[in-house]
Structures are given as C-alpha cells and as structure tokens.
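K.L.:
below: sequence and its predicted model.
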There are 2 protein chains.
Amino acid sequence: MAIYRYERDPKAIYRESFARIEAEAGATLAALPPGLARVAVRLIHACGMTDLVADLAASPDLVEAGRAALNRGAPILCDAAMVASGIMRRHLPAGGEIVAAIELPGVAARAAEIGNTRSAAAMELLGDRIEGSVVAIGNAPTALFRLLEMIELDGMRPAAILAFPVGFVGAAESKDALIAADLGIPYLTLRGRRGGSALAAAAVNALILPEGEVS
Amino acid sequence: MAIYRYERDPKAIYRESFARIEAEAGATLAALPPGLARVAVRLIHACGMTDLVADLAASPDLVEAGRAALNRGAPILCDAAMVASGIMRRHLPAGGEIVAAIELPGVAARAAEIGNTRSAAAMELLGDRIEGSVVAIGNAPTALFRLLEMIELDGMRPAAILAFPVGFVGAAESKDALIAADLGIPYLTLRGRRGGSALAAAAVNALILPEGEVS
C-alpha cells in the first residue's frame, strides 16, 4: 500500500537520530560536561545542525539549577508563544506554569510607554514573576537585553536563563552581553545569529525530561 | 537608566534586519523569482542563516497559488502546534482556519492502528480537509511522507505544500521525495536536514503578509 520506504516507529526514529548525532558530533559533545552534552544533543536534534555545539555557552551549574527549578515547579517564562507551545507540558515534573510573555495584557501599551519593543515590554510586565523562574527566550534580542537590565538594575534573579534570540539585529550582541555580564545566574545560550523558538523549547524540554528519556 | 545600547524601535529592527540580509544574500536572492525571493528573505530572517537560499526548492507557481489559497480562506493545516502558534493569525486575509493536526482527537489510536507516527496519523485524520488547503509541515518527516502517499495513492490535492521537516532521520529524504514526485502541486521546501516550525510558520507568514509588509 505505502509507496515510500521510511522509518515509522517513533522509538526507532529517536534512537537512530541520536545515534547519528553521536556518530557525527560525538567528539565535540564529549568535550562538554555530561549533563550539558545531553542538552546539546536535544538542541542538535531540534535543528538538524551538529555544528551548533561550537557556539554553545553555558554556566557550569546550568543543568543542575535548571532541573532543580523545574522540579520545584518554577514557572517557565517564554518571550514568544511558539516557545511556550513547544514545551512538553505533560512531562513537567511539578506542573509549573508556562507563560508566553508577549501575550500578557498591556504589552502594546507598555511598549509605547517605554519606547521599546513589545517583547521587551513583556519582560517588564512579568515583573516579580521573574524571581526564581526559568526564562526561555527564543525570539527577541530586545527581550534578552531588557531582562539583563532588570537583573543588573533591579536585582531580579531568575533561576536559569535559556537564551536563544535569533536574527540579524541584536541577537549575537544580546547573547554576548549575557555571557560577558557574568551574573552568577545559570544560563545556556548559543552565540551568533542562530537561535529560535524551537531551540529555546528544546532546551527547556531537555531539562524537563528525565535523564535518558527522549520523547 | 538603560545600561545596554540596542535598537528598540521594531520598525528600525525590521528595516535593519532586511538590509543586512539584502547586503549579504542579495546576489543569491536576485537569482530567484521576485515573489519567491521575498519569501526567502522571511525564511532567512526567521533563522539567521543566509545560506539557506542554496537549499530552497520551489515550484514556479508557489507564491501565486499559496497567496490565492489564503485569500480565499483556505485552511492552513500544520503538523505541529508550534507551527500553528507561529502563524500571524491577525494578518490572515480571509480568516482561514489554522489546524494543528497533531492535536486532533484520536491521533494516538490511529498511529497505533496504522503502525506509523502520531504525526503521520494526524495527516490521515485530516482526510478530505487536505483538499484545497495549505499544508505546512515544520517537524515530522513522517507527516510529509504520509501526505505524499495520500496525494499519490488517494488523489488528495492540497493547494500548496510548505515542507520543512527537520532532523536526521527522513527529513532530507522526505523533502527530496516531494521534489522528485513532481506532483503538479505548488510547493516550497528546504533540502537537507534543516527545517523546523519557525521556518514553516515564516513561510506561511510570507504568503499571508501583503507584499512589502513585514510585521
């Protein structure tokens, strides 16, 4: 009946995907701490690009701190609806809230008020909810810049920052700023222009899934 | 007050993004038909990678047919929730329905029944709704393979196919199969492993937005 030959078993697809990633990127992955290497595998899996490992930057405590936050039900604050939509909600260990900041009421008005993007205004509207949260940015460089300002000027302390703004204006710069700021807050980011909601969601999912589970 | 210097004006961010894309990829973009080049710019904008132009493949009628379908309110059938979530709903010219196929009731049962993934089962459950629709695949190679089978075996005729499955098992193969099948159905795809929900959504958005509008 079917005219195409292709792998149809989800478990086999995952297994073969991870085997190919290991075969191609095993050497670079082995240079990472094991917990972070597993996160990197999920990121590679989400975008099909093994060379992203070279652009990853993370604080040494990222995986432990991120998992601990999610295990205590920390909210996951996403800049974009697509990031929120990609999170494997059913696997959340303690059912923490998932927020798409851009959808908060009042975002457009606040953006006009502060002369910044809606994404940056959305970070402001999150306010104290940022404290102890996992922040996942998959779209807007301005959201990451505004978050850094809130941390450095207002003393906000998220539990972890997963920073994957994407694009040509401010993406590389905002991620470099996160790394350079050396905030003492656990973070994971991808240097350069690459990023996006699928990577931000994959980073969250890598911290949500029990070690060794893939789907 | 702010400690970082960064562009905060959304219009300026868009303008500068597109100027940088033009500066870097203008020569390769100029080799595409103008309508398709504008779609390609949005794809580059969504992922930060100018080199994707080399991997694009499209039928000559894609832009016109895709726009015409959306203008008459054709449903947009997405494989994944993230794709659906990334579509600029407010700009839909005729308010067509957006469906995340994976969320249809009965997907898991159908997958078990047919011995295929949930993503492939979701295509089956769409059934006749595929006729005249715009199908946007941003995740699962098996969804694209199953769609090709439904077209070739069951005579389904979507109005356009935007095919961006991603990853290591079947992604490149399914997109090559779409190109090789030469179905006479307008399509856009990205050869190789790269793809994803952000690109699939960006392709839809490029067809939704009036020519020249960016956000």
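P.N.:
Received it, and whenever you're ready, just let me know what you need.
K.L.:
what's the local residue count around residue A:132?
P.N.:
Residue A:132 has 16 neighbouring residues, counting by other C-beta atoms under 10 Å in any protein chain shown. For the C-beta atoms, the positions are set from N, CA and C on the backbone; glycine is no exception.
K.L.:
nearest spatial neighbour of it, skipping sequence neighbours?
P.N.:
Among residues not flanking residue A:132 along the chain, residue A:159 sits closest, at 5.2 Å (C-beta to C-beta, 6 or more residues apart in numbering or on different chains).
K.L.:
how about residue A:92?
P.N.:
Once flanking residues are discounted, residue A:92 sits nearest to residue A:208: 5.9 Å by C-beta to C-beta, 6+ apart.
K.L.:
and residue A:97, by the same measure?
P.N.:
Spatial nearest neighbour of residue A:97, chain neighbours left out: residue A:75 (4.3 Å); criterion: C-beta to C-beta, 6+ apart.
K.L.:
list the contacts of the one you found.
P.N.:
Residues near residue A:75 by C-beta atoms under 8 Å, 6 or more residues apart in numbering or on different chains: A:96-99, A:129, A:133-134.
K.L.:
kindly report the same for residue A:32.
P.N.:
Counting by C-beta under 8 Å, 6+ apart, residue A:32 makes contact with A:40, A:53, A:56.
K.L.:
now, these that are in strands?
P.N.:
residue A:56 (DSSP state E).
K.L.:
which one (most neighbours) among the contacts of residue A:32?
P.N.:
residue A:40 leads those on contacts (other C-beta under 10 Å) with 25 neighbours.
K.L.:
and the residue nearest to it when sequence neighbours are not counted, what's its pLDDT?
P.N.:
Of all residues not flanking residue A:40 in the chain, residue A:53 sits nearest, at 5.5 Å (C-beta to C-beta, 6+ apart). Residue A:53 carries a pLDDT value of 97.
K.L.:
repeat for the one 5 residues further on
P.N.:
Looking at residue A:58, its pLDDT is 98.
K.L.:
got the contact list for it?
P.N.:
Shown in contact with residue A:58 (C-beta under 8 Å, 6+ apart): A:36, A:39, A:186-189.
K.L.:
out of those residues, which are buried?
P.N.:
Neighbour-count burial within the contacts of residue A:58 applies to A:36, A:39, A:186-189; the criterion is 16 or more other C-beta atoms under 10 Å in any protein chain shown.
K.L.:
count the neighbours of residue A:30 for me.
P.N.:
Counted with other C-beta under 10 Å, the neighbours of residue A:30 add up to 10.
K.L.:
and for residue A:117?
P.N.:
For residue A:117, using other C-beta under 10 Å, the count is 25.
K.L.:
spatially nearest residue to it (excluding sequence neighbours)?
P.N.:
residue A:142 (4.3 Å).
K.L.:
which stretches of chain A have low pLDDT?
P.N.:
By pLDDT under 70, the low-scoring segments of chain A are A:1-2, A:212-215.
K.L.:
alpha carbons only: can I get the lengthiest helix in chain A in PDB?
P.N.:
Among the segments of chain A that qualify as a helix by DSSP state H, the longest is helix A:10-30. The C-alpha trace of helix A:10-30 is given here as PDB (Å, rounded to 0.1, in the frame of the first residue of the first chain):
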ATOM      1  CA  PRO A  10       8.800   6.700  16.800                       C
ATOM      2  CA  LYS A  11      11.200   4.900  19.100                       C
ATOM      3  CA  ALA A  12      13.400   3.800  16.200                       C
ATOM      4  CA  ILE A  13      13.400   7.300  14.800                       C
ATOM      5  CA  TYR A  14      14.600   8.800  18.100                       C
ATOM      6  CA  ARG A  15      17.200   6.000  18.500                       C
ATOM      7  CA  GLU A  16      18.600   6.400  15.000                       C
ATOM      8  CA  SER A  17      18.500  10.200  15.300                       C
ATOM      9  CA  PHE A  18      20.500  10.200  18.400                       C
ATOM     10  CA  ALA A  19      22.900   7.600  17.000                       C
ATOM     11  CA  ARG A  20      23.600   9.800  14.000                       C
ATOM     12  CA  ILE A  21      24.200  12.800  16.200                       C
ATOM     13  CA  GLU A  22      26.500  10.800  18.300                       C
ATOM     14  CA  ALA A  23      28.400   9.500  15.300                       C
ATOM     15  CA  GLU A  24      28.800  12.900  13.800                       C
ATOM     16  CA  ALA A  25      29.200  15.100  16.800                       C
ATOM     17  CA  GLY A  26      30.400  12.700  19.500                       C
ATOM     18  CA  ALA A  27      33.900  14.100  19.700                       C
ATOM     19  CA  THR A  28      32.700  17.700  20.300                       C
ATOM     20  CA  LEU A  29      29.900  16.500  22.600                       C
ATOM     21  CA  ALA A  30      32.400  14.600  24.700                       C
END
